[in-house]
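Asks: Need a 3D model of the following:
(chains A and B)
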Amino acid sequence: MITVQHFLVIGISLFSIGLSIVVIKKNAILVLLGVELMLNGANVNLIGFSINDPQIQGQIFALFVIVVAAAEAAVALAVVVRMYQYYATSNVDEPNELKG
Amino acid sequence: MNSLETILPFSLLTQFSLVLLFMPFFSFLLLSFLPLKNRNGAFMSSFLLFVSFVIALFLFANSWNNPPDHSRWVWFEIGNGILFTSGIWLNNLTVLLLLLVTFVSFLVHLFSMEYMKGDKGYNRYFSYLGLFTFSMLGIVLSDNLLLMFVFWELVGFSSYLLIGFWFHKEAAAKASKKAFLVNRIGDLGFLIGLMILRSKYNTLDLETLTSVVETSDPSIYVAALCLFGGVVGKSAQFPLLVWLPDAMEGPTPVSALIHAATMVAAGVFLLARIVPFVPVEALHVMALIGAITAFMGGVAALRQFDIKKILAFSTISQLGYMVIGVGAGAYDAAIFHLITHAFFKACLFLSAGAIIHSLHQFSSKNDVNFDTQDIRLMGGLRKKMPFTFLVFLLSSMALMGMPLFSGFLSKEAILMASSTMNIGWQLVVPVLAFSSVLITAFYVTRMVVIIFFGEFRLPKVKVINTPNFASVSLIMKIPLGLLAIGSVFVLFSSNPFDGSHSWIIKGLSSHVAIHSAIVSYGSITLMLVGMGLAYAKFKPSGVYVQNLHKELDYQNKWQSLSFNNWHLNKIYDVVFIRQIINIANAVKTVEEKMIDRIINYFAIFNVILAKFIGLFDQYIVDGLVHLSAFVTSAIGWLSKNIQTGKVQTHIVWAGLGILMMILWFVV
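Replies: Next comes the predicted model:
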């Protein structure tokens, strides 16, 4: 029997793995992948909580999230391209103009 | 409001007097500040002086023997209600002197136009003359002693400027300094006298003083003698007579105007102004000083070889006469002598100027260098300069006191007055006065004979190619002629043998002047004896004159006494100047050895203190500042390390922040 707890475990795992990728990886593309993982972890959460909801609002909302995430991925990739053109690198550690 | 002096309205005559007063001042201003071409400036200032003279004539015609015209206004106020007034007081004495000063000044302006031609400081010269005339007129017009003192000092200053006119000559620069300093000594007395009068009587107004002063008061005795101190300085009386001979370094027309006719007579004028409230004992002291001066000046003139020095000592002697006149109670006679003396002495000085001018041209024409003022090199000028000889002779006669000339009348009046002082020590006064008559006749005859008679001695010493003299130009002759006419008796009295009926004496005093035949005959005899003795010694064919052109270094004790003016310069040098220099040196030593040292130690102490303060500043004050800065920067350094600029670190911190908030709000 698959319960909500199973969904939550997978969702948290995905979110945590995504977060750790975002924090650890140096390549901007990989950071973007991490962000996608975190989004999908959240989606798993939404879907998991919708099993007891006959109107399946959570699943519909997850679909919206996927759509928005696609758009976000496009924008983020564009940012990465611009970043590469500007700094001649895709390493997120090298642009450190905000350093105090 | 000061109750003693009332405000008196401006009268028409006052307005005219102010115009008269400021004409020469305009001349001074214009010539000082406008870039005028040489001749124009001189013409303009002469014209302004002529206007002054015309106004003086007008004032004279309106005021002589009329009631005095007095205008007075508030000058300034000190503190609470202590008023000083000033004003213009026209009485007989004032208008007479106005006429004299403007007339002589105008003539000297005319004469100088020719005399100073080609001088670099032509305009400067005329502007100084204007300043002088302005100040002199101010003295004459002032109605109170303070205003008079201001102009008195201005006169001294312009005299200083004019004596030092050729300031590049060291002698002239020194002489101007000497004149100024010696006059300061006398003026100190004047100032003290003013203070005594003001503190005692609360006024310096002459008319008021005359009515309020009690001559029995001992303080007025002191005050009068202090004021007399100013006179002693300005009129070159003993013991301050040393400056006048040196003042001859100025241009000769200046000597005629300032150091013979007007400025030196200002002292006598002051005496005439204050005489109504001077106690008789003080007058006697003045008479004594005057007599000593008359005698000393006469003796000093005996042995001079510089034509201007002779005239200078003669001026001192005649000023002594005037002071005798005031001291013997006949200030009218003194003023009479002042007027006649102004005419004939100005004439003598200007003739001397003409001689010097001609000799100067002569020297440049023949390209020889010699002292143009040395009478030993003159001689026989009678034929070369007949006009100058004539006017010189006329005014010399007046100076000697020859009957038929003006000097006789005024000198008689003074001798008469002095002959009334015949008790005890006062007898010294007439004795000295009468012996000065003989001395005067002697040195004047000597001067005239040596300069004008015999033969021209210069060719004996130097080689002369063209022995022709340039004739004296008309513009120089006019002043000479006018002044020579003023030396004749008819201008002053209808009776050539009795000065006591002169209109001047009648106009100035109310009492009937005494006349004594013995005095007249006595003085005429003395004068003739003096002339005879002098002619016997200095006749052109005599041994003395024949050897005159050779160097005369030898002088016996008495001759040297006369030549060096009683050694007064040397005496003052030893008695005063050396002592003052010694004191100055002693003070300098004290200053160097003590005061400077104390100051140095104080300075060193300060430097050490400053070092300590510097250390304190460096380590403690600055240390505190640095410490606070260090603390701040350390905090900044710590906190800035959070801001690595790496996006991922930010995300970590943001995540931690969210966790903290969750912990805070949820748990």
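Asks: wait, B:Lys477 sits on B:Met385?
Replies: No - B:Lys477 is not in contact with B:Met385 according to CB atoms under 8 Å; the separation is 10.6 Å. All C-beta spots, glycine's among them, are computed from the backbone N, C-alpha and C.
Asks: Compare neighbour counts for the two and give me the winner.
Replies: Applying other CB atoms under 10 Å in any protein chain shown to B:Lys477 and B:Met385 shows that B:Met385 carries more neighbours, namely 22 against 17.
Asks: Please identify the residues of chain B in proximity to chain A?
Replies: B:639-648, B:650-652, B:655 (CB under 8 Å from any CB of the partner chain).
Asks: So B:Asn369: helix, strand or coil?
Replies: On the three-state scheme (DSSP: H, G, I helix; E, B strand; the rest coil), B:Asn369 is labelled coil.
Asks: ok, now which ones touch it?
Replies: Residues near B:Asn369 by CB atoms under 8 Å, 6 or more residues apart in numbering or on different chains: B:Ser363.
Asks: Format the CA atom coordinates belonging to the host helix or strand of B:Asp622 as CSV.
Replies: Counting by DSSP states H and E, the element that carries B:Asp622 is helix B:622-640. Output in CSV follows, covering the C-alpha atoms of helix B:622-640 (Å, rounded to 0.1, in the frame of the first residue of the first chain):
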residue,chain,number,x,y,z
ASP,B,622,45.8,59.9,17.9
GLY,B,623,46.0,56.5,19.6
LEU,B,624,42.4,56.7,20.7
VAL,B,625,41.3,57.7,17.3
HIS,B,626,43.2,54.9,15.7
LEU,B,627,41.9,52.4,18.2
SER,B,628,38.3,53.3,17.4
ALA,B,629,39.0,53.1,13.7
PHE,B,630,40.7,49.8,14.2
VAL,B,631,37.8,48.4,16.2
THR,B,632,35.4,49.6,13.5
SER,B,633,37.4,48.1,10.8
ALA,B,634,37.8,44.8,12.6
ILE,B,635,34.1,44.6,13.0
GLY,B,636,33.7,45.5,9.3
TRP,B,637,36.3,42.9,8.4
LEU,B,638,34.4,40.2,10.3
SER,B,639,31.0,41.1,8.9
LYS,B,640,32.2,41.6,5.3
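Asks: and the following helix or strand past it, how far out from the chain's middle?
Replies: From helix B:622-640 onward toward the C-terminus, using DSSP H and E, the following helix or strand is helix B:647-666. Computed by CA atoms, centre = their mean, to the nearest Å, the separation of helix B:647-666 from the middle of its chain amounts to 103 Å.
Asks: that older thread, pLDDT for the residues of chain B next to chain A - can I get that in CSV?
Replies: Formatted as CSV, the residues of chain B next to chain A follow (pLDDT from 0 to 100):
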residue, pLDDT
B:Ser639, 83
B:Lys640, 81
B:Asn641, 78
B:Ile642, 76
B:Gln643, 77
B:Thr644, 77
B:Gly645, 77
B:Lys646, 81
B:Val647, 82
B:Gln648, 84
B:His650, 84
B:Ile651, 87
B:Val652, 88
B:Gly655, 89
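Asks: Are any of those buried, and if so which?
Replies: Neighbour-count burial (16 or more other CB atoms under 10 Å in any protein chain shown) applied to the residues of chain B next to chain A gives B:644, B:646-648.
Asks: what does chain A have sitting close to chain B?
Replies: Where proximity means CB under 8 Å from any CB, the interface of chain A facing chain B comprises A:19, A:22-24, A:31, A:92-93, A:95-100.
Asks: Which of the residues in stretch B:239-253 are classified as buried?
Replies: Going by neighbour count (16+ other CB under 10 Å), the buried part of stretch B:239-253 is B:240-253.
Asks: Can you tell me which of the residues you listed is nearest B:Phe563?
Replies: Among the buried residues of stretch B:239-253, B:Pro245 lies closest to B:Phe563 (CB to CB), at 11.1 Å.
Asks: doesn't B:Arg303 fall inside a strand?
Replies: No - assessed with three-state DSSP, B:Arg303 is coil; it does not lie in a strand.
Asks: Touching, it and B:Phe563? I think so.
Replies: Yes - the pair B:Arg303 / B:Phe563 is scored as a contact, 4.5 Å apart, by CB under 8 Å.
Asks: All the helices of chain A, residue numbers only.
Replies: In chain A, the helices defined using DSSP state H lie at A:4-24, A:28-49, A:57-87.
Asks: no, scratch that, I was asking about the stretch 451-600 of chain B
Replies: Along the stretch 451-600 of chain B, counting by DSSP state H, counting those that start in this stretch, helices occupy B:458-461, B:474-485, B:503-508, B:517-538, B:543-546, B:557-563, B:568-572, B:578-590, B:596-616.
Asks: Give me the contact list for the second one.
Replies: In this case it means helix B:474-485. By CB under 8 Å, 6+ apart, the residues outside helix B:474-485 that reach it are B:104, B:107-108, B:110-111, B:113-115, B:343-344, B:346-347, B:350-351, B:353-354, B:357, B:387-388, B:390-391, B:394-395, B:472, B:491.
Asks: at 7 Å what do you get?
Replies: B:107, B:110-111, B:113-115, B:343, B:346-347, B:350-351, B:354, B:387-388, B:391, B:394-395 (CB atoms under 7 Å, 6 or more residues apart in numbering or on different chains).
Asks: that older thread, quick one, which of the helices of the stretch 451-600 of chain B is nearest to B:Gln318?
Replies: Of all the helices of the stretch 451-600 of chain B, it is helix B:517-538 that lies closest to B:Gln318, at 14.2 Å by CB to CB.
Asks: Can I get the helices of the stretch 451-600 of chain B in TSV including distance to B:Leu8 and mean pLDDT?
Replies: TSV is the format used below for the helices of the stretch 451-600 of chain B (distance: least, CB to CB, whole Å; pLDDT from 0 to 100):
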stretch	distance to B:Leu8	mean pLDDT
helix B:458-461	61	80
helix B:474-485	36	89
helix B:503-508	23	80
helix B:517-538	42	88
helix B:543-546	62	80
helix B:557-563	52	80
helix B:568-572	45	88
helix B:578-590	46	93
helix B:596-616	57	94
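Asks: what ranges of chain B fall below the confidence cut-off?
Replies: By pLDDT under 70, the low-scoring segments of chain B are B:1-4, B:38, B:499, B:510-514, B:551-554.
Asks: for it, longest helix please?
Replies: Under DSSP H, chain B gives helix B:331-366 as its longest helix.
Asks: Quick one: distance of that one to the chain centre.
Replies: On CA atoms, centre = their mean, the centre of helix B:331-366 falls 18 Å from that of its chain.
Asks: in it, what counts as buried?
Replies: Per 16+ other CB under 10 Å, helix B:331-366 contains these buried residues: B:331-359, B:362-363, B:366.
Asks: Give the closest residue to B:Leu528 in space, chain neighbours not counted.
Replies: B:Ala441 (7.4 Å; CB to CB, 6 or more residues apart in numbering or on different chains).
Asks: Also B:Thr372?
Replies: Leaving out its chain neighbours, the residue that sits closest to B:Thr372 by CB to CB, 6+ apart is B:Leu359, at 4.1 Å.
Asks: now B:Thr644
Replies: The shortest distance from B:Thr644 to any non-neighbouring residue, by CB to CB, 6+ apart, is to A:Lys99 (5.8 Å).
Asks: hang on, that neighbour packs against B:Asn641?
Replies: No - applying CB atoms under 7 Å as the test, A:Lys99 and B:Asn641 come out as separate, 9.7 Å apart.
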